[in-house]
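**Student:** from the sequence below, what's the structure:
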Amino acid sequence: MAVRKKREEKLSETNINKVIELLAAEKPITKKEACEILHIAYNTTRLSKIIADHNETIEFRAKRKAQNKGKGVTEAEKVSIVKHYLNGAVVSDIAKALYRSPAFIKAVIERMGVPQKLPDTDYKGIKEAMIPEPCVAEEFTAGERVWSAQGNCIAVVKREITKSHNFDKHGSKCYLLWEIEMAECESPYFGLMKDAGHFAPRLAYNIGSLKHLQQYL
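**Tutor:** Numbering: from 1, shown residues only. Down below sits the predicted model:
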């Protein structure tokens, strides 16, 4: 049975790995110090349980990856990859969930023409990000789910902007998008919220069509 985690506890794989290494070091830390690093109450039985569960997870993942090695991507995996990636999951997390290598996941994303989400430090300030060839389109319809290159996220087309937009100047249509910052989040005022985000006007050449991926969304 998996260890129950409290909000203040730091039980990420990275942190647990760190504790395991420090406990096995030439000058090991105490179990009390290990509990402090993990932000858990001093409890040697629970500490041992956390480490044992962590090791079992790592071993199981390695076994499943070995079983999947050399096998092509399945339709079910394509659905998971597209959904999770476009909703903000990073390649390494998807790889862990599907028991595949990060290189395998990245190759699938590129082959399928999925817009690549850039790290925050890379995309800020970009005015014209590259759109994969399968995603290029000149027109979009209200309600269509698209990729916002400038927003670096999934978005929904609300309407075309016509009155305040100069087509001749930009050589492109302009649309009002609802850019989705979080697919799902918990609000202290409104409870569970889906597709939380903001409005943003975007030119068509900075919007990517996802029609070729609709079967996976």
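
**Student:** for this structure, which segments count as strands?
**Tutor:** 145-148, 153-161, 174-187, 191-203, 207-209 (DSSP state E).

**Student:** can you put the ones you listed in JSON lines and add mean neighbour count, mean pLDDT and distance to residue 11?
**Tutor:** Any C-beta I mention is one placed from the backbone N, CA and C, and that applies to glycine too. Formatted as JSON lines, the strands of the chain follow (neighbours: other Cβ atoms under 10 Å; pLDDT from 0 to 100; distance: least, Cβ to Cβ, whole Å):
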{"stretch": "strand 145-148", "mean neighbour count": "23", "mean pLDDT": "92", "distance to residue 11": "33"}
{"stretch": "strand 153-161", "mean neighbour count": "19", "mean pLDDT": "94", "distance to residue 11": "28"}
{"stretch": "strand 174-187", "mean neighbour count": "17", "mean pLDDT": "81", "distance to residue 11": "20"}
{"stretch": "strand 191-203", "mean neighbour count": "14", "mean pLDDT": "82", "distance to residue 11": "24"}
{"stretch": "strand 207-209", "mean neighbour count": "26", "mean pLDDT": "95", "distance to residue 11": "37"}
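
**Student:** for those, which one sits closest to residue 89?
**Tutor:** In terms of Cβ to Cβ, the element of those nearest to residue 89 is strand 174-187, at 9.6 Å.

**Student:** right, so of the strands of the chain, which gets closest to residue 38?
**Tutor:** strand 174-187 (23.9 Å).

**Student:** now do the contacts for residue 54.
**Tutor:** Counting by Cβ atoms under 8 Å, 6 or more residues apart in numbering, residue 54 touches 13, 16, 17, 20.

**Student:** so which of these is the most crowded?
**Tutor:** Greatest neighbour count in these, by other Cβ atoms under 10 Å, goes to residue 16: 21 neighbours.

**Student:** quick check: it vs residue 180, distance?
**Tutor:** Distance of residue 16 to residue 180, given as Cβ to Cβ, to the nearest Å: 32 Å.

**Student:** again with residue 54
**Tutor:** Counting by Cβ to Cβ, the gap from residue 54 to residue 180 is 33 Å.

**Student:** what sits against residue 24?
**Tutor:** Per Cβ under 8 Å, 6+ apart, neighbours of residue 24: none.

**Student:** give me the pLDDT value at it.
**Tutor:** At residue 24, the model reports a pLDDT of 96.

**Student:** cool, residue 124 as well?
**Tutor:** pLDDT for residue 124: 52.

**Student:** for residue 199, name its beta-bridge partners.
**Tutor:** For residue 199, the beta-bridge partners under DSSP bridges are residue 178.

**Student:** what is the burial count for the closest residue to residue 110 other than its chain neighbours?
**Tutor:** Of all residues not flanking residue 110 in the chain, residue 116 sits nearest, at 7.8 Å (Cβ to Cβ, 6 or more residues apart in numbering). Residue 116 has 15 neighbouring residues, counting by other Cβ under 10 Å.

**Student:** contacting residues around residue 157?
**Tutor:** 140, 141, 142, 143, 144, 145, 146, 175, 176, 177, 207.

**Student:** ditto for residue 65
**Tutor:** Residue 65 touches 99, 100, 101, counting by Cβ under 8 Å, 6+ apart.

**Student:** show me which of those residues are buried.
**Tutor:** Buried subset of the contacts of residue 65 (neighbour count, 16 or more other Cβ atoms under 10 Å): 99, 100.
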